[in-house]
Structure formats: structure tokens, C-alpha cells
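S.K.: attaching a predicted model along with its sequence, questions to come.
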Amino acid sequence: MPLDESAEQSRQYALVARAIAFIRGHATQQPSLEEIAAAVHVSPFHLQRIFAQWAGISPKRFLQYLTKEYAKQQLLASRDALSVTENAGLSSVSRLHDLMVSCEAMTPAEVKASGAGVEISFGFAASPFGEAMVGWTQRGVCHFAFCIADQHAMFEELATRWPRANLEQDDLSAQRLLQQIFPATPTKGSVHLVLRGTNFQIKVWEALIHTEFAQVVSYRQLAQHAGFAHAQRAVGHALAVNPIGFLIPCHRVIRESGAAGNYRWGADRKLAMLAWEAARRGERSTPATSPHGR
């Protein structure tokens with residue numbers, strides 16, 4: 001994907017996010033396309049075009065992916081998918097659409113060293129969900145966050161997590177990496193993750209990595225899948241401190257009611273990601289009532 005195309009997608013997302021925020025705030029009224037367009041100060045035609053370019057589907061179809069009814073259908077489907085995975089056992093490699101994702105955990109000694117002797121490159125680049133910051137070592141991606149603050153604050157977050165590492169900014173390489181993660185056209189690729197956390201957190205993150213593209217799971221399902229059936233609250237905390245957004249897909253964890261729930265980088269972004277993935281998968285079920293609640 002050319003750099004200017006990535007930037008355009010990011011700008012389109014800003015409008016999509018505003019539309020989602022309006023829809024969530026007026027869920028009981030089920031606003032029309034015209035009402036949504038008026039709320040975000042564009043014409044219905046322009047809104048239709050933006051959704052078609054950004055998500056590949058119409059706003060009407062996109063809204064169907066935001067409903068609780070659709071989410072609950074997907075949770076039911078997840079039970080069978082998770083059973084198959086559990087019977088087969090977790091491998092070290094998973095698939096994120098056409099992207100193969102593998103991971104490794106840092107050793108306890110490496111974790112204790114807080115990044116001493118580690119060279120981390122990082123950079124800022126456009127993504128389909130707004131500006132993102134990505135960090136990587138020679139071994140793989142160790143950080144991915146959507147920018148919900150200015151770049152200095154985002155850098156401080158990375159530096160706090162890796163206080164003894166050598167950090168070097170490289171925006172051009174970050175742009176190339178994000179193009180690999182979010183290709184304009186289906187392209188087979190791979191990305192390796194380096195995980196730094198407690199044993200519990202890493203098991204939860206590994207279980208998440210092995211969810212399928214566009215799949216959703218409940219907190220209870222994820223806890224069971226990770227082998228911690230009675231630790232849903234602790235599983236929720238592991239999601240809250242996930243350092244590698246999207247690639248460790250904590251956005252796919254929703255409430256059993258079908259409500260999207262909280263997300264470290266914003267509930268509207270979470271809904272956008274869920275619907276974007278559903279559109280990419282080409283799901284054809286058509287539920288429609290109210291968008292995900294809080």
C-alpha cells in the first residue's frame with residue numbers, strides 16, 4: 001500500500017469513528033444514513049463513499065456488524081471454533097487473515113533486565129484505525145499502540161515499559177511494517193512477536209493470538225481457552241495491559257451480552273475494528289437491531 005494511501009485510510013477512519021460514536025450515542029433511535037451523515041457534517045453520498053473505500057461495504061451493511069445480535073451469533077459460532085482449537089492444541093503460529101503471526105516469550109532473565117542490551121526501533125505511521133506507534137527488535141514486534149495521545153506521550157509509554165533499552169526512531173521502517181500488517185490487497189506475509197509479561201499474561205495473549213480473523217470470544221470463553229476458567233477478572237487485566245494491539249487481538253473479546261465492552265484504545269475504535277474484520281471476512285449473516293452497548 002503506497003504511503004499516501006495509508007494516510008488516506010487513516011483520515012477516512014477519523015470520519016468512520018465519528019459516525020460510530022454518533023450511532024452508539026443514539027442506538028435506541030436507530031438513526032438513518034441521512035441522520036448519521038448530518039451528524040458528521042458530510043453528505044449521505046460522501047459517507048457512503050467513505051465507508052465503501054475504507055471497509056469495502058455500505059454503511060448499512062457496516063451497521064449490521066455493530067449490532068449486539070450479530071455479536072451474539074458470532075459468540076455462539078466461537079464455541080465450536082474454540083473446541084476444535086483446544087482439541088488440536090495451540091501451535092506457535094497463527095493466522096491473522098493472510099498474515100501468519102508467530103510469537104515467543106522473553107525469558108525471566110530478559111524480563112528482569114528491563115531491556116538492558118536490547119535495541120528497539122520504533123516509529124509512527126498511519127493505519128486503517130488512525131495513527132499507530134510500533135516498536136520492534138531484531139527478534140520481532142514488541143510494541144503496537146494506537147495513538148490516543150501526542151507522540152511524546154506515546155514514546156514515554158514505550159520508554160517506561162523498556163527503561164534500559166536503547167530506543168531509536170525510524171518512521172519509514174514503521175510505515176513499511178504497518179503496510180505489511182495492513183496490506184491494501186490480500187498478500188501472504190508473516191510477523192513475529194516478542195512477548196514480555198508474566199506467565200499468566202503470556203498464556204492469555206497466546207490464546208488470543210490463536211483466535212481466528214474476525215472471530216469474537218467472551219471473557220469467559222477466553223479464560224477457559226487459556227486454561228484459567230475461574231480467573232476471568234485476571235484475564236481482563238491481561239487484556240488491559242496488552243502491549244501489542246491488533247496483532248494480539250484483545251479487540252475480539254466482548255461481553256456475553258453482545259456488548260463490545262471496554263478497549264484500551266477506545267470503544268469506538270474497537271467497534272470499528274470488529275466491523276472492519278467482519279467485512280474483510282465477507283460474512284453474510286444479516287442481523288440488525290441495536291449497535292453494541294457499553
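M.R.: Looks like it arrived, so ask away. Not measured: the values here are computed from a predicted model. Numbers count the residues shown, from 1 in each chain.
S.K.: where does this structure have low pLDDT?
M.R.: The chain contains residues with pLDDT under 70 at 1-4, 80-98, 186, 283-294.
S.K.: for it, longest strand please?
M.R.: strand 119-127 (DSSP state E).
S.K.: parallel or antiparallel, list what pairs with that strand.
M.R.: Take DSSP bridges as the rule and strand 119-127 pairs in its sheet with strand 130-136 (antiparallel), strand 166-169 (parallel).
S.K.: buried residues of that strand, list them for me.
M.R.: Residues of strand 119-127 classed as buried: 120-127 (neighbour count, 16 or more other Cβ atoms under 10 Å). Just so you know, the C-beta spots here come from the backbone N, C-alpha and C atoms, and that holds for glycine as well.
S.K.: ok, stretch 252-265 next?
M.R.: For stretch 252-265, by 16+ other Cβ under 10 Å, it's 252-255, 258-261, 263-265.
S.K.: tell me which stretches of the chain form strands.
M.R.: Using DSSP E, strands in the chain cover 93-96, 99-105, 119-127, 130-136, 141-146, 166-169, 189-195, 217-218, 253-254.
S.K.: among these, which is nearest residue 112?
M.R.: Ranking those by proximity to residue 112 (Cβ to Cβ) places strand 99-105 first, at 13.5 Å.
S.K.: about what we covered before: out of the buried residues of stretch 252-265, which is nearest to residue 176?
M.R.: Taking these together and measuring to residue 176 by Cβ to Cβ, the closest member is residue 265, at 22.0 Å.
S.K.: from residue 17, how far off is the closest one?
M.R.: 11 Å (Cβ to Cβ, to the nearest Å).
S.K.: can you give the domain ranges for this protein?
M.R.: 2-77, 99-281 (the TED database).
S.K.: nearest residue to residue 276 in space, please, no chain neighbours.
M.R.: If the residues on either side of it in the chain are set aside, residue 276 comes closest to residue 55, at 5.6 Å by Cβ to Cβ, 6 or more residues apart in numbering.
S.K.: same deal with residue 256?
M.R.: Distances taken as Cβ to Cβ, 6+ apart put residue 218 closest to residue 256, at 4.6 Å, once the chain neighbours are dropped.
S.K.: try residue 195
M.R.: Nearest residue to residue 195 in three dimensions, chain neighbours excluded: residue 105, at 4.7 Å (Cβ to Cβ, 6+ apart).
S.K.: for residue 161, same thing?
M.R.: Excluding its sequence neighbours, the residue lying closest to residue 161 (Cβ to Cβ, 6+ apart) is residue 243, at 6.5 Å.
S.K.: quick one: residue 241 from residue 277, how far?
M.R.: Applying Cβ to Cβ to residue 241 and residue 277 gives a distance of 22 Å.
S.K.: also residue 57?
M.R.: From residue 57 across to residue 277, the span is 12 Å (Cβ to Cβ).
S.K.: all helices for this protein, in order.
M.R.: 3-25, 33-39, 44-55, 59-64, 68-88, 108-112, 151-161, 171-181, 199-209, 219-226, 232-240, 267-281 (DSSP state H).
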